[in-house]
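Chemist: Predicted model follows, preceded by the sequence.
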Amino acid sequence: DAGVIQSPRHEVTEMGQEVTLRCKPISGHNSLFWYRQTMMRGLELLIYFNNNVPIDDSGMPEDRFSAKMPNASFSTLKIQPSEPRDSAVYFCASSLPDRRFNEQFFGPGTRLTVL
Amino acid sequence: EDQVTQSPEALRLQEGESSSLNCSYTVSGLRGLFWYRQDPGKGPEFLFTLYSAGEEKEKERLKATLTKKESFLHITAPKPEDSATYLCAVQAMSNYQLIWGAGTKLIIKP
């Protein structure tokens, strides 16, 4: 299995621009998580999907952030407009149906830099 | 408030020098405690889940233990390839979300 796939791996953009991060979970995994990691705050859960349905988006910082999961093999995290404080590494993770918050498989992350 | 504290922040060891990493937690009812390993430029990789005090799990040179207040990740005769950041997370009975520690950066010198 190829594991969780994220794209792009690196993104550099200017303040105010729209940024879209993409994730393909492991086939057969029905839970998907978006995390943000910074030195100051560590790993933070942004949003969690189960069977393509957003279950909890309470970690999404503000309305500039949105996430979708149109099908079981694809999810996006969009930031519009982006701000310098959004600079971080964004991870997507997936897990098996019976191990929702137990063994999570993380992708390689997208390093976002907003200038 | 539920929280997780890991210590030390960084640990440098010589190859073969055994030691332990600590994860202290306060949570209103523990559902599970998780250890992950993170290499530079990569996502965290799952290592262990512990559910109850007294439980132990082993994998190669790593052994995780759990008490009612903390967990230890013991590393025996480490090798340079064990160098990584080790993350601890807990899940409370009242909330499915994981609460993550800041991690311990482990460096093993040859």
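Modeler: Looks like it came in fine. Numbers count the residues shown, from 1 in each chain, chains lettered A, B, ... in the order given.
Chemist: Output the residue of chain B whose distance to chain A is smallest.
Modeler: Here chain B gets closest to chain A at one residue, residue B:43, 2.9 Å apart by C-beta to the nearest C-beta. In short, each C-beta sits where N, CA and C put it, glycine included.
Chemist: And the closest residue to residue A:42 other than its chain neighbours, which helix or strand is it part of?
Modeler: Of all residues not flanking residue A:42 in the chain, residue B:102 sits nearest, at 5.0 Å (C-beta to C-beta, 6 or more residues apart in numbering or on different chains). Per DSSP states H and E: residue B:102 is located in neither a helix nor a strand.
Chemist: May I ask you to confirm that residue A:10 is in contact with residue A:110?
Modeler: Yes - under the criterion of C-beta atoms under 8 Å, residue A:10 is in contact with residue A:110, at a separation of 7.2 Å.
Chemist: of the two, who's got more company?
Modeler: residue A:110 (22 against 10; other C-beta atoms under 10 Å in any protein chain shown).
Chemist: my read: that one touches residue A:6, true?
Modeler: Yes - contact between residue A:110 and residue A:6 holds when scored by C-beta under 8 Å: they sit 5.4 Å apart.
Chemist: shared neighbours, these two?
Modeler: A:21, A:90-91 (C-beta atoms under 8 Å, 6 or more residues apart in numbering or on different chains).
Chemist: ok, then the element right after the lowest-mean-pLDDT helix or strand in chain B?
Modeler: Ranking every helix and strand in chain B by mean pLDDT, DSSP states H and E puts strand B:95-100 at the bottom, with a mean of 84. Where DSSP H and E defines the elements, the next helix or strand beyond strand B:95-100 is strand B:104-109.
Chemist: shaky segments in chain B?
Modeler: For chain B, no stretch has pLDDT under 70.
Chemist: let's see it at 80
Modeler: Applying pLDDT under 80 to chain B flags the ranges B:94-96.
Chemist: Just the strands from chain B, written as ranges.
Modeler: Using DSSP state E, the strands of chain B run over B:3-7, B:10-14, B:19-26, B:30-38, B:45-50, B:56-59, B:62-66, B:70-75, B:84-92, B:95-100, B:104-109.
Chemist: same question, chain A
Modeler: A:5-7, A:10-13, A:19-24, A:31-38, A:42-50, A:53-56, A:65-71, A:74-79, A:88-95, A:105-106, A:110-114.
Chemist: Show me what the longest one is packed up against.
Modeler: Okay, so that is strand A:42-50. If contacts are counted by 3 or more C-beta pairs under 8 Å, 6 or more residues apart in numbering or on different chains; DSSP states H and E, strand A:42-50 sits against strand A:31-38, strand A:53-56, strand A:65-71, strand A:74-79, strand B:95-100.
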